[in-house]
Structure formats: structure tokens, C-alpha cells
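Visitor: Sequence and computational prediction follow.
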Amino acid sequence: GACRIPSRGWTRRSRPSRRGLRRRGRGVHRSHPERDEHAAVREGSVGATRPDPLLGRRKSHRLPTVLTFCVPCRQREKKQTMYQRTYYGIPLLDDAQSFSLIFRGAKTLDLMVDKGGDREKVLYVLNSIVTEYGRAKVKVGNEVLLLRYIWNDVDGDDSNTINEKEMGKLLNRINFQIKDKNHSAVYQKFAKTLGLSKEQRKSGLTFDQCVTLLHKTKRDTWQVKPVTQLFFDMFGQFMNNNKVRKKVSAESFLRKFLQTVQGEGDRTMGDVMEIFSGLHELELADVANHITQPNYISLEQFEAYLLSRDNDIFNPDREKFCKSDMTKPLSEYWINSSHNTYLTGHQLTGDSSVEMYTKALYRGCRCIELDIWDGAKDELTGTPIPIVYHGYTMVSKILFEDIIKALQVFLMLHPKTYPIILSLENHCSLQFQEVMASQLTNILGRLLYIPDEASLNGPLPSPLKLRGKVVLKGRRPEGAADDYDTDSDAADDDTEVQSIAQSVRSEKSASRTKSQKFVTIAPELAKLTLFHGSKFKNWESSTEALTHHMHSFSESRVKTFCSRNQSHEWIVYNQTHMSRTFPSGKRIESSNYSPILAWSTGCQMAAMNIQTPDEHLLVNDGRFRENGGVGYVLKPSILMMKEETEPRMTHLEVKILSGSCLPKPGGVSTGECIDPYVRVSLFDCHDGRELDWSQTTGQVFNNGFAPIWNMEESFHFDVKNSSVAVMQFTVWDKNSLTKDDEFIASASVPISCTRQGIRSVQLFDANMTRSGAFDFASLLVMVRFEQSQAEI
């Protein structure tokens, strides 16, 4: 599972240490295998990032991120003088020998193979490592994977063993605390149990022996393990020969567990034998009770199944991509959407980055936003240079052209991506718009969708028809100044926005007056645009408008419409037309609003600030795990009914039983052992109001490796709208001194996608990935519904 990148023949412009490079590569894998061709290592040409080639050393630490893909670097020699390159000892860049490693949630690492090296071989090797790791890890138990992940860091002397001094570091890394004075006693006692001689004890424990130690650490607890108790409750504590039960038959597993407890009535004996076959191939600790009979599994194998992805609380049928569902008009889908995509942080004083577009796309966003303004003109040619930034603020500026090149690279690597919608907030004069149109057509070429009469005068095209295309949202009719609606116009109801931003927007009024001269749309850009943003007057006239006319609303307008009992009128409008909602301008620190209310009205695009992984963004992530993570989820049938229909309600009971392999916050390798607790939240809506409830477990002290919670404690939730409600499990590290608890991991599961029974909750980091230290993290929970979650 380790990826060691050789130092010979490499030029590292960011120059992390060898140990840092090795750490970045270890455990690299695809986080969403169902997602559309998200290969881990790919070839292409990059225009997505423009890191300073003269930066100094970056911090070398483990990144809790996933290597998304590998592409050749964009050539930057024009911006680098010979003097600078000579001074820093950096060779001239060769585009044919350069490539980039793009990490989810971290900066891109640009590399170049030196003269005599073969970039294609490097790409092939990296891709092979990622592919083989993905295949192999499904045959290895979580404790074994965890130990392989931390082994090189814990084995400080590279002896390939763990000695007595290193034992404390190993236990700290797995988040299992034993007092320092007891490390030696634990080590010596375990070594004696294995029958090791004094010389062998001095040399240290082998990898397999350490796996056995981890297994014993988890097994030999004073608490009753939930899995053991459940095993005995379901199958009986004693077998027919009066011996304590250590195994279960395929027939009992099917009848007493799958069909009765899990509610999987359609399961067959063939399904069970396939599960058993995989469990018999699974690498577990040697001390585990191994069963050789193919129609039996042990308690340890049963526990491995409970914690596995196959037993995930998220219904695999809903998570799986369904191509047949992609043939409806665009208005019949929820679409993963981003707001002010270029921003890395604060709305008024932060930075803009082209790389944020790549991050948004790999997070699954398929509607991204650009605020385009007049920039300077090229000093040599006089060509206008459109720029993107948050107008009238202090945020930095980036080039419109660079963003379009980033999209071109992404689509080249993922040609089967479902349509990417560019929400253009166009503040440019005519000559800059003409350049925008030219850059769109020249860079994207056939990847740019140019609307035809059918799409303008009839139903909207389907995601399948637009697959691999970029679709524009902006201004369609020429001279439609009075009808056009921008995010700024749509947010006029946020009365506090101007006062909050007054210090950095002092020229706003004058500039806005001046910008009125530029309301005319360039014909070259208009003909490329499908969606025309129009001002809202009333639902009747909006519904009668052409289907490519759409509205944008701030979050406060969403609440206003719903509070005035206009939800059903909006639902009917959204059956044939498009709506986009976005955060209030008062959220200057880039926090997020709950998308639940917007989804309940059938609104397709609830745009989020993806740079802020708060609870509402994680809700959005959970929604778009559906349908293979392609960014398009077919709306439930209740939102496609013409008559007003009451949403389906249900009652939900949740028990948090235990956890497994929980990492430290951020996946870091140092620090105290965590004191984890779990918060269970329900995000829902009813009668035009947002509803959310949270309930919390107690903390478990100094144990993230195998924490156990109170099996008798139940959390109860009344779900008002099961079609849109989302349940969220969040693990936090309790900090009793500062009361500033730290986020560890989470998982958000739509109620409509939730499976009942004893289920694992596969946990994700803040970047919505399961990689590095988060690859093995999970919870074991029990879920019961008062009634079935069948969709109306």
C-alpha cells in the first residue's frame, strides 16, 4: 500500500521532503469508484492551476486527501526569467516531461521528470499502484489496513518490527491510550503470550504479531462488545452441543439476520454464499477464530461484515449510477451546485483561485459560478482580458480564460461527465463579452453546447443528451436589460448586505450606475447561452415563459416564498423550468444555508459555498452520493405531481453502538488520543419551515480505535418529509479544556436512501473522501423505521 517516489531524475518545484512525498502517496486510491470515470492517474494538459514555480518548501505532512488524477503541467516559462531559474537552480520546464498530482482538499503538486526520464512510465506506475491498491484492500480487514497505513511512521528505525520503545507510538497512532508506565508491561505480557525469547522481544514484534496485538486490544475489553451481544441475541449464545457459539450457518445468517433484522426480504442463499466467500478470503488477525467450512462464518467474520461497505447504511441501489434515469429534461433533477466557485474563503477579503473549479468538479458539482468583469488589455495586442472576482470587494482576481482551460482539461480526462453548467454573472462591456465568446468557442470547441431551436422552444434537453458538454446560463435575448436577473438583483431583499460590506464596497453605487451602460449582450455570447436568467414577477407568468428562462433566488427569498404558502406553485414551476438558489450576502465568512427547503420546492440548483465544509455542505454531499455521484439526482415523484400532495412521514429510531479505527482530527499523525462522541442530526422541513434536531452520545475517553457507546440509549426523530430529509452522523473530539470540540469525520444519508437494521456508517473527511487515515473509519449503528421508506 506504499507509494515511494524516487528522488533521482525528479525536479520538485515545491520541494517537499522524500518522507513527505512518500506519505502523500501512501494509501492513495479512488474514493468514489461509482463516480463517472474518476480515474486516479490520468494524462492530459493542465490549465487548472497556476502555483508559483518559485515557492519555497511546503510543509511535509500527511494529507487526508485523495490523489484524484495525474496530468502534465501547464507550461509557465513565459513568466519565469532565466535569472530566476538560474538563481533557484530550477531547470527550464519541459511540457512533455511535466505533470501534476491533484489532491482533493489540498494544493496541487507539480512535478517534472528530468532529462532521460520517461513521464509515461511514471504515469503508468502511479496508475497501477492506485488500481492495485483498490483491488487488494477489499480483501483486508480494517485493523490490518490501519496498521499498514501507519507502519512506516511507527517503525522509526526501519527494522520492519515494532520494539518496546515504539509500542507507545503505535498505540497513540491508533488512538488507544495506555499510561506510559504500562507500555512496557503490555509489550512484555503480549510477547510472553506469543512465546518469544528475550532476544526476539528485544528485536521487536513483526507486522503479523502487531495485527494480533490490535485484535486482542479490541477484543479483551472490560465492556461487553455490541457485536458479541448482537451475535448471541440473534443466533443464541450456545450451540446444540452446549458450547459457546463461535460460528453461524448460512441458513441462520439469511433467515435470522438478513431477512429479519436487516429487512432484506429479497435476499437468497446465493447472496449469502457470495458474502461468505468474500469473508473467507478476508485477511484478519491470526488469533481470530478461523472457519474453514464454506457455509459457516465466525464471530470475527460476522463483525467484519457488519463494518464493511456491503453493510453500509446508505442503500447501494440508490448509490449506484442508473443511466436509464438520465433521459428526463434537466428540470426533473437536483443538480449539485456551487456558489462563487472561485473563492477560497471570505466573500469580501479572501483569495480567488482557478483551482477551486477543479475542486468543485471533483466534489461532484455540475453547476459552477463565474463573476466576470472587465479587466485590463494585453500590452502588446490590445486584446481585452476578462477577469473573475467578487465585484466591489478586495478579493484577488483570476483570468476567465484560465477557468475555461481548467474545464477543458477536466472534460478531456472525463469525457462522459454529465453537463457542466456555467452560471455566468456577466458584468462585462461588449468588447470583453466578445472575447469571452471567442475564448469559450476556441478552448472548448465541440465541448461547448450551442442551443438549437428545439431546446429553446420545447422541453429542456436531458443530461444524457448533454453528456460531456458545457452549458451556459446567463443572458439569452439581445437587449433584455430590464428582464435580466443577476445574483446581485436577486439578493436585493437582503437589506443588511450593503451595511456589512460598506467598508470594502464604497464605490458600489457609482460602479453599479456605470455598469448600467453595459447591459446589452454581445450576439456572439448570446447564441452560446441556453439558460436566460429572468426577473421574477409572479408564478403564473413564469410558468408560461419559455422553458429556458429561469430564476435565481437568495436563501431569504426561498423562506419568504415558503412562508407565504407559495411552495406548491414553485413546485409546479420547477417541473418544467429551472431555479437556482444561493446563500445570503450576509454570509460574508462563506458559511452555508440548508438546501433542504429549496429541494422541497423542486429547486434544481441549491448553490453552496464549497470552500466551507460545514454541516449544510455535508448534507449536500450526502444527497449527491446518490446515482453514482455524477451530480444529477432524479427528483422524487412527489415533486412531479400537479396536484398538491402531503409528504410522507415516518418515525426513526437510532442507536450508536460502536466505532472503528477513528482517526485524529484532520487525519494528523501526532497529538493526544481522541475522546470521541457522535452527534446525530436530522435536517428536514415542514409547512414551509426548516426543521433540524440533533442528539448527542456521551464521550469515550482516550479510545478512537474501538470506542463503545451505550447500547440502551436510543435517539428518536419524527421525519416530516422523508423525500428530502437527510440524517447526519458526525464524530467529534471532545476538548473539555477549551470547549472547542474538533470535527473528525461525518456521513450524511438521505432518509429515502437509509437502510434499517444493524448497519455500518462509512465516514468521510471534510473533503468528502475516504482516503488515508479515513479509509477505515466507521460507526456501527442500529436503525429502525416505524414504516417503510417506499417513495410515493
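Guide: Cool, the structure landed. Numbering: from 1, shown residues only.
Visitor: Relative to the whole chain's centre, how far out is stretch 668-676?
Guide: In terms of Cα atoms, centre = their mean, to the nearest Å, the centre of stretch 668-676 is set 23 Å apart from its chain centre.
Visitor: what ranges do the helices span in the stretch 601-750 of the chain?
Guide: Using DSSP state H, counting those that start in this stretch, the helices found in the stretch 601-750 of the chain span residues 615-623.
Visitor: cool, the stretch 51-200 of the chain as well?
Guide: Going by DSSP H, counting those that start in this stretch, the stretch 51-200 of the chain shows helices at 82-88, 119-137, 142-154, 164-173, 180-193, 198-203.
Visitor: Of all those, which one is nearest residue 733?
Guide: Nearest of the helices of the stretch 51-200 of the chain to residue 733, taken as Cβ to Cβ: helix 164-173 at 14.1 Å. All C-beta spots, glycine's among them, are computed from the backbone N, C-alpha and C.
Visitor: returning to what we had before: could you redo the helices of the stretch 51-200 of the chain as JSON lines and give each row mean pLDDT?
Guide: Formatted as JSON lines, these follow (pLDDT from 0 to 100):
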{"stretch": "helix 82-88", "mean pLDDT": "60"}
{"stretch": "helix 119-137", "mean pLDDT": "90"}
{"stretch": "helix 142-154", "mean pLDDT": "91"}
{"stretch": "helix 164-173", "mean pLDDT": "90"}
{"stretch": "helix 180-193", "mean pLDDT": "82"}
{"stretch": "helix 198-203", "mean pLDDT": "87"}
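Visitor: As JSON lines, those helices with mean neighbour count and distance to residue 633 would be great.
Guide: As requested, the helices of the stretch 51-200 of the chain are exported to JSON lines (neighbours: other Cβ atoms under 10 Å; distance: least, Cβ to Cβ, whole Å):
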{"stretch": "helix 82-88", "mean neighbour count": "11", "distance to residue 633": "48"}
{"stretch": "helix 119-137", "mean neighbour count": "16", "distance to residue 633": "25"}
{"stretch": "helix 142-154", "mean neighbour count": "20", "distance to residue 633": "30"}
{"stretch": "helix 164-173", "mean neighbour count": "19", "distance to residue 633": "38"}
{"stretch": "helix 180-193", "mean neighbour count": "14", "distance to residue 633": "49"}
{"stretch": "helix 198-203", "mean neighbour count": "12", "distance to residue 633": "55"}
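Visitor: Those: which one's closest to residue 699?
Guide: helix 164-173 (18.2 Å).
Visitor: Now find how far off-centre the closest one is within its chain.
Guide: That offset, for helix 164-173, works out to 32 Å (Cα atoms, centre = their mean).
Visitor: next one: stretch 340-357
Guide: The answer for stretch 340-357 is 18 Å, by Cα atoms, centre = their mean.
Visitor: What residues of it count as buried?
Guide: Within stretch 340-357, the residues scored as buried using 16 or more other Cβ atoms under 10 Å are 340-343, 346-348, 350, 352-357.
Visitor: again, but for stretch 609-621
Guide: Within stretch 609-621, judged by 16+ other Cβ under 10 Å, the buried ones are 609-613, 615-621.
Visitor: Next, give me the two most distant ones among the residues you listed.
Guide: 611 and 619 (16.2 Å).
Visitor: Surely residue 776 and residue 667 touch.
Guide: No: between residue 776 and residue 667 there is no contact under Cβ atoms under 8 Å: 11.3 Å.
Visitor: more neighbours, these two?
Guide: Set side by side, residue 776 and residue 667 show more neighbours around residue 776, with 25 against 21, by other Cβ atoms under 10 Å.
Visitor: List the contacts of the more buried one.
Guide: 142, 145-146, 149, 660-661 (Cβ atoms under 8 Å, 6 or more residues apart in numbering).
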